[in-house]
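S.K.: mind looking at a prediction? Sequence and model below.
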Amino acid sequence: MNEHRRLYPTRPQAQRALVVAVDTQDPQRPLAPELAEFTALADAAGAIIVDEVIQRLPHVDPATLVGSGKAREIAERAEAARADVLFVFNDLRPRQRTNLEKIVPLPIVDRTMLILDIFAQHARSREGQLQVELAQLRYRQSNLIGVGAALSRLGGGVGTRGPGETKLETDRRRIAQRVTLLQKQLDDVRRQRETRRGGRGRDPFVALVGYTNVGKSSLLNRLAGSGVNEGAFVADRPFATLDPTLRRAYVAPGVNVRLADTVGFITALPQELVNAFRATLEELENADLLLHVSDASNPDWPRQKASVETTLHELGLDAKPYLDVFNKVDRLDPAARAALPPGALEVSAATGVGIDMLRAAIAARRTAAAERLQ
Ligand SMILES: Nc1nc2c(ncn2[C@@H]2O[C@H](COP(=O)(O)OP(=O)(O)OP(=O)(O)O)[C@@H](O)[C@H]2O)c(=O)[nH]1
Ligand SMILES: [Mg+2]
């Protein structure tokens with residue numbers, strides 16, 4: 001049992017992590033918001049950050065990070081901080097990874113692996129778990145990441161091997177076998193889900209989309225009138241939602257909608273995850289209306305919003321009717337509120353402010369769509 005877990009050995013929980021990053025922005029500017037986001041991801045994965053090596057190299061190829069001098073410095077810092085894992089913010093090419101691994105005897109976890117790990121920890125449904133594991137293994141396949149000698153020092157669930165054995169090949173074969181099996185199990189689970197969903201309601205289908213942690217699930221609960229223990233799961237951390245919830249919500253006299261929560265987006269959502277969750281995301285194609293939720297209290301919202309729009313485009317969903325919804329306005333002072341785009345729907349899932357307006361806007365879209373059909 002749990003044999004396959006060993007194929008993916010980098011579980012960052014409760015591990016002491018050294019964060020390594022190259023920030024290629026202008027040094028006059030504050031650190032890239034993506035870096036703060038990376039630290040939040042590390043935190044959400046349950047790691048303890050013990051030190052950071054952050055280089056500010058404006059307009060420089062992050063590939064310079066892995067020069068051997070830098071790698072030795074990283075090795076020293078890792079040892080001094082007694083780190084057991086390296087979190088690398090920038091994308092590593094397989095070659096760079098190998099070079100770094102030679103000098104720093106620690107497992108290397110990049111941004112994609114970190115996100116995949118959070119997903120793995122949060123997946124509850126069978127389908128969700130299968131999807132995440134498949135994404136993890138596919139990522140390893142495409143990056144040729146072996147278990148690596150250093151990893152066996154981590155103990156706890158990491159595979160052992162005999163001296164001199166070439167591990168990478170054995171790993172690859174085992175991974176390929178596991179991928180085939182997972183794919184088959186996933187197909188079965190999905191077929192069952194299709195059958196269960198046979199009887200779809202006729203109410204319009206409205207889906208909540210948006211950056212992670214903006215309050216989509218809170219808004220679903222507010223619109224559906226769900227109590228604390230019966231609604232979708234809410235938490236102040238990235239990727240709280242993995243398994244989509246569907247609720248019926250009243251929007252106007254005689255008008256109910258089917259309201260769907262979705263997985264939160266993030267800049268450069270790993271392709272493996274998009275692929276793995278394609279079946280879930282494809283349901284968005286059936287939506288009559290998208291509610292694009294932003295966190296108005298986050299100064300970084302314009303970047304997040306643009307990033308969500310890119311993802312929607314990649315998913316072929318940019319022609320869908322949508323409403324822009326700005327959530328968490330209870331946290332805004334009047335000046336910040338005035339800076340929001342004119343005519344934006346300003347709401348607070350926490351206090352209920354603006355929710356009636358949002359219901360009316362959804363109902364109005366519904367009426368307009370119905371009239372077009374006549
Ligand atoms: N102040 C304030 N906090 C809010 C509001 N809406 C949500 N939150 C908080 O924001 C955090 C994230 O809320 P969620 O509803 O889990 O966000 P989400 O978009 O579903 O997040 P993921 O599923 O992780 O992508 C939680 O701590 C919520 O309590 C709001 O209107 N005002
Ligand atoms: Mg959520």
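M.R.: Received the coordinates, thanks. The structure displayed is predicted, hence computed values, not measured ones. Ligands and ions are numbered 1, 2, ... in the order given.
S.K.: longest helix of the chain?
M.R.: What stands out as the longest helix in the chain, according to DSSP state H, is helix 167-196.
S.K.: is ligand 1 within reach of stretch 232-241?
M.R.: Yes - using Cβ under 6 Å from any ligand atom, stretch 232-241 reaches ligand 1 at 234-236, 238-241. Where C-beta positions appear, they are placed from N, C-alpha and C, glycine not excepted.
S.K.: look up the pLDDT of the closest residue to residue 269 other than its chain neighbours for me, please.
M.R.: Leaving aside its sequence neighbours, residue 269 sits nearest to residue 311 (Cβ to Cβ, 6 or more residues apart in numbering; 5.9 Å). As predicted, residue 311 sits at a pLDDT of 91.
S.K.: for residue 311, give its distance to residue 209.
M.R.: According to Cβ to Cβ, to the nearest Å, residue 311 and residue 209 sit 8 Å apart.
S.K.: for residue 219, same thing?
M.R.: According to Cβ to Cβ, residue 219 and residue 209 sit 11 Å apart.
S.K.: identify the contacts common to these two.
M.R.: 291, 293 (Cβ atoms under 8 Å, 6 or more residues apart in numbering).
S.K.: look up phi and psi at residue 353.
M.R.: phi -60, psi 130 (degrees, to the nearest 10).
S.K.: number of residues surrounding it?
M.R.: 13 (other Cβ atoms under 10 Å).
S.K.: also residue 341?
M.R.: Every residue meeting other Cβ under 10 Å relative to residue 341 is counted, giving 10.
S.K.: wait, is it part of a strand?
M.R.: No - counting by DSSP: H, G, I helix; E, B strand; the rest coil, residue 341 falls outside a strand, being coil.
S.K.: where does it land on pLDDT?
M.R.: 90.
S.K.: gap between it and residue 89?
M.R.: 31 Å.
S.K.: what residue in the stretch 151-300 of the chain comes nearest to ligand 1?
M.R.: residue 264 (2.4 Å; Cβ to the nearest ligand atom).
S.K.: find the nearest non-adjacent residue to that residue, please.
M.R.: Per Cβ to Cβ, 6+ apart, closest to residue 264 is residue 212, 2.9 Å.
S.K.: next, that neighbour: phi, psi?
M.R.: phi -70, psi 140.
S.K.: surely it touches residue 242?
M.R.: No - under the criterion of Cβ atoms under 8 Å, residue 212 makes no contact with residue 242, lying 10.8 Å away.
S.K.: let me have the residues of stretch 232-241 next to ligand 1 in a markdown table, adding distance to ligand 2 as columns.
M.R.: A markdown table is the format used below for the residues of stretch 232-241 next to ligand 1 (distance: Cβ to the ion, whole Å):
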| residue | distance to ligand 2 |
| --- | --- |
| 234 | 7 |
| 235 | 8 |
| 236 | 11 |
| 238 | 10 |
| 239 | 8 |
| 240 | 5 |
| 241 | 3 |
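S.K.: quick check on the residues you listed: which are buried?
M.R.: Among these, those buried by neighbour count (16 or more other Cβ atoms under 10 Å) are 234, 238-241.
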